[in-house]
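> turn this into a model:
(chains A and B)
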Amino acid sequence: MTNDSNSRSRGMSLLELVMTTAVIGTVFVAFVAVEQVTVVEGAKRSVADERWIQGSVVVDEMENAVRLAERVLKAGDGTLLVSTRYFWDLDDGVEEIYYYSSGSSIYRRVADEVATFGSPELIYEHAVSFCAHALEIADSFNAEDYGATAVKTADGASTVDTANKAEYKVNEMGGADQDVYTYYDESNQMLKLEPTTLEPVTVTVTPDLRKKWLHAQTRFRPQVDHQEYRPLVYGSEVPDTTNVSVVFGADGSIRLRSVEGGVLTAEEVSTISWKSGAEYRVQLESEKRYIMATLLNENGRQHKIGAVSSGAIDNAKLHFQSVTHGAVGEWDDLLVDYPLVEIEFEVDLGDSQAIIYGGATRRQP
Amino acid sequence: MKTARQSGVTLAEALMAIVILGTSVVAGLELFGYQHSSTLGQSQAWTAQRFLQREYEWVRVVPYEQLSSSSFEDVAEDASYQIGQTVSALDANSLEIELVIRWINQRGLVQTRSVTTVRCEGVGL
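Model (predicted):
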């Protein structure tokens, strides 16, 4: 009896049972809630990871297309167009691969040895934005590059600049001075300089580029002795007062000069002199801290003029000028080349967004 | 008195039960937090790998004579990552380049990834 009595008294009262049940129930509910949150968050993470990985695959594909590209024909917001012989198939034919965005989708279209593109293929569905930064402008001043509307007229009439490579704006020949003009010589396919004042020809390239190895080159033929030419000027927002330029001096010298705020800060003098009518290829390469100048003369011999500090030059915008001081000359084949195609691909991960950065260099010769 | 103690749950038992159940709940929450942290860490590593690969592409095209060591510098798009490079001569005509990217993870620890390549003078890109 005593044992039975003790056993019963050890049990819970109704109140205790209710309270215990409530506590256990609360803990159970808490567990379920935690599990639910974990499952939901896990599912979200899973979706986000999947979208990230798929986005990375798309960027990988674009990078590969760039690496195997002969040329990057277009790059910009929502656009990347390359021509290649090896990316799409292994035959020798040239194909064009076109990536573009429409809404939140990214499509690929291929023109395989035909003039028209095939049907668009959806390759990504959760894009926020996509931008390819590239720079490869006007390797030659020909009608194909500039289009008829860009031909400059002798009276300096304003025309629409339509350089269409890589969708970079190329603005030539600003200048209030109407006595100065540059025009496109159809027969020789080059720009003629016939100025009477010092107004520069300026090419402005946007958007911003990273300040690392930009390569600019032009072919230049000074026509008259004892005049000063600056066939290639790499300048800042104020290129007249802050710039690095190659100068064909009136004394026959060829110099690389760095000017900051109108003050000459560095100068390297070439060991060779220039001759009227000879053709020179002038090349500027910007490294992070220096700009180097190289000259190729008509015999193909290379002369390194030297290197100067890039100083205060702002790489956000690049200005290229050809300045002739009261002389005539020919300026041709401006090539501004930035070897890397950078890709920014912003993807929607569900609750958040992320940018996948990519970059590739063209390797197909 | 004895009978009163024998009926129902003692304070010690109740506390122990609460501790055990509480530990389980906390463990569950910790696990969730760890998963979240781990995922963030993975995202950081992926992003770092992307930046490192892009820098490697640069190293392939920069003129040979311009290759030189540089200390860590912020990545232009995201200053929480820094990239540096060490260039050392293997012989008269070749250089070994090691690129390193570093960042600080969610736990405040420095993380790094690196890649090493070789460039030879006069050899095409």
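
> which part of chain B gets nearest to chain A, residue-wise?
B:Arg54 (3.5 Å; CB to the nearest CB). (Glycine included, C-beta is placed from N, CA and C.)

> in a helix, that's where that residue is, yeah?
Yes: counting by DSSP: H, G, I helix; E, B strand; the rest coil, B:Arg54 is found in a helix.

> I'd assumed A:Thr361 was in contact with it.
No: B:Arg54 is not in contact with A:Thr361 according to CB atoms under 8 Å; the separation is 9.8 Å.

> which neighbours do the two have in common?
Taking CB atoms under 8 Å, 6 or more residues apart in numbering or on different chains as the contact rule, B:Arg54 and A:Thr361 both touch A:Leu340.

> any residue of whatever helix or strand A:Trp52 lives in touching chain B?
Using DSSP states H and E, A:Trp52 falls within helix A:14-67. Yes: interface with chain B: helix A:14-67 contributes A:16, A:20, A:27, A:30-31, A:34-35, A:37-38, A:41-42, A:45, A:49, A:52, A:56, A:59 (CB under 8 Å from any CB of the partner chain).

> avg pLDDT for that helix?
Averaging pLDDT along helix A:14-67 yields 86.

> for that helix, packing partners?
strand A:79-84, strand A:95-102, strand A:121-124, strand A:329-348, strand A:353-361, helix B:11-61 (3 or more CB pairs under 8 Å, 6 or more residues apart in numbering or on different chains; DSSP states H and E).

> what's the first one in contact with?
Surrounding strand A:79-84, the residues in contact under the criterion CB under 8 Å, 6+ apart are A:62, A:65-66, A:68-75, A:94-101, A:132, A:167, A:341, A:343, A:364.

> any of those buried? List them.
Listed as buried from those are A:62, A:65-66, A:68-75, A:95-101, A:132, A:341, A:343; burial here means 16 or more other CB atoms under 10 Å in any protein chain shown.

> count the residues that sit near B:Arg107.
9 (other CB atoms under 10 Å in any protein chain shown).

> then it would be within a helix, right?
No: B:Arg107 is assigned coil when assessed by three-state DSSP, not a helix.

> check A:Arg230 and give its pLDDT.
So, for A:Arg230, pLDDT stands at 75.

> next SSE after the helix or strand encompassing it?
Taking DSSP H and E as the criterion, A:Arg230 maps to strand A:229-235. Toward the C-terminus, strand A:229-235 is succeeded by strand A:243-248 as the next helix or strand (DSSP H and E).

> which residues sit against stretch A:275-287?
By CB under 8 Å, 6+ apart, stretch A:275-287 touches A:211-225, A:231-232, A:234, A:244, A:246, A:248, A:274, A:291-298, A:310, A:313, A:315, B:62-63, B:66.

> list the buried residues for it?
A:Tyr280, A:Arg281, A:Val282, A:Gln283, A:Leu284, A:Glu285, A:Ser286, A:Glu287.

> can I get those in CSV including secondary structure and pLDDT?
Below are those laid out as CSV (DSSP: H, G, I helix; E, B strand; the rest coil; pLDDT from 0 to 100):
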residue, secondary structure, pLDDT
A:Tyr280, strand, 85
A:Arg281, strand, 84
A:Val282, strand, 85
A:Gln283, strand, 83
A:Leu284, strand, 82
A:Glu285, strand, 80
A:Ser286, strand, 76
A:Glu287, coil, 71
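
> which among those gets closest to chain B?
A:Glu287 (5.1 Å).

> now do that closest one against B:Gln53, distance only.
21 Å (CB to CB, to the nearest Å).

> do B:Val61 as well
14 Å.

> give me the nearest residue to the residue of chain A found nearest chain B, chain neighbours excluded.
Closest to chain B within chain A is A:Gly359: 3.5 Å, counting by CB to the nearest CB. Distances taken as CB to CB, 6 or more residues apart in numbering or on different chains place B:Arg54 nearest to A:Gly359, at 3.5 Å, with adjacent residues excluded.

> what's the burial count for the one you found?
That count, for B:Arg54 with other CB under 10 Å as the rule, works out to 21.

> same question for B:Thr116.
11.

> so how far is the longest strand anywhere in chain B off the chain centroid?
Identified as the longest strand of chain B according to DSSP state E is strand B:78-91. What separates the centre of strand B:78-91 from the centre of its chain is 17 Å, taken as CA atoms, centre = their mean, to the nearest Å.

> let's see the pLDDT reported for A:Asp348.
pLDDT, A:Asp348: 95.

> beta partners of it?
Beta-bridge partners for A:Asp348, by DSSP bridges, are A:Gln353.

> could you do A:Val244 as well?
Bridge pairing for A:Val244 - DSSP bridges - gives A:Tyr234, A:Ser258.

> what's the neighbour count on it?
29.

> likewise for the one 4 residues further on?
Taking other CB under 10 Å as the criterion, the count of residues near A:Phe248 is 27.

> and for the nearest residue to it once chain neighbours are set aside, the neighbour number?
Nearest non-adjacent residue to A:Phe248, counting by CB to CB, 6+ apart: A:Tyr229, 4.0 Å away. Residues lying near A:Tyr229 (other CB under 10 Å) number 29.

> just the helices in the stretch 51-200 of chain A please.
Counting by DSSP state H, counting those that start in this stretch, the segments of the stretch 51-200 of chain A that form helices are A:143-146.

> residues in it within reach of chain B, list them.
A:Trp52, A:Ser56, A:Val59.

> dump the residues you listed to a markdown table, plus neighbour count and distance to A:Phe87.
Shown next, in a markdown table, are these (neighbours: other CB atoms under 10 Å in any protein chain shown; distance: CB to CB, whole Å):
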| residue | neighbour count | distance to A:Phe87 |
| --- | --- | --- |
| A:Trp52 | 19 | 24 |
| A:Ser56 | 17 | 18 |
| A:Val59 | 22 | 15 |
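
> for B:Val62, grab phi and psi.
phi -60, psi 140 (degrees, to the nearest 10).

> can you check the pLDDT for it?
78.

> please apply the same query to the one 4 residues further on.
Confidence at B:Gln66, expressed as pLDDT, is 75.

> what's the neighbour count on it?
Count around B:Gln66 with other CB under 10 Å applied: 14.

> quick check: closest non-adjacent residue to it.
B:Gln66 sits nearest to A:Glu287 (CB to CB, 6+ apart), 5.1 Å away.

> so A:Ala132 sits against A:Tyr357, correct?
No: A:Ala132 lies out of contact with A:Tyr357 (CB under 8 Å); the separation is 11.7 Å.

> identify the contacts common to the two.
Joint contacts of A:Ala132 and A:Tyr357 (CB under 8 Å, 6+ apart) are A:Glu342, A:Ile343, A:Glu344.

> picking that back up, export the longest strand of chain B to PDB, keeping only CA atoms.
Extracted in PDB, the C-alpha atoms of strand B:78-91 (Å, rounded to 0.1, in the frame of the first residue of the first chain):
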ATOM      1  CA  ASP B  78      35.500  46.100 -54.400                       C
ATOM      2  CA  ALA B  79      38.100  47.400 -51.900                       C
ATOM      3  CA  SER B  80      37.500  44.500 -49.500                       C
ATOM      4  CA  TYR B  81      39.800  42.500 -51.800                       C
ATOM      5  CA  GLN B  82      43.400  43.300 -52.500                       C
ATOM      6  CA  ILE B  83      45.700  41.800 -55.200                       C
ATOM      7  CA  GLY B  84      49.500  41.800 -55.200                       C
ATOM      8  CA  GLN B  85      52.100  40.200 -57.400                       C
ATOM      9  CA  THR B  86      55.600  38.900 -57.000                       C
ATOM     10  CA  VAL B  87      57.800  38.700 -60.000                       C
ATOM     11  CA  SER B  88      61.100  36.800 -59.800                       C
ATOM     12  CA  ALA B  89      63.500  35.900 -62.500                       C
ATOM     13  CA  LEU B  90      63.800  32.200 -63.300                       C
ATOM     14  CA  ASP B  91      66.600  32.800 -65.700                       C
END
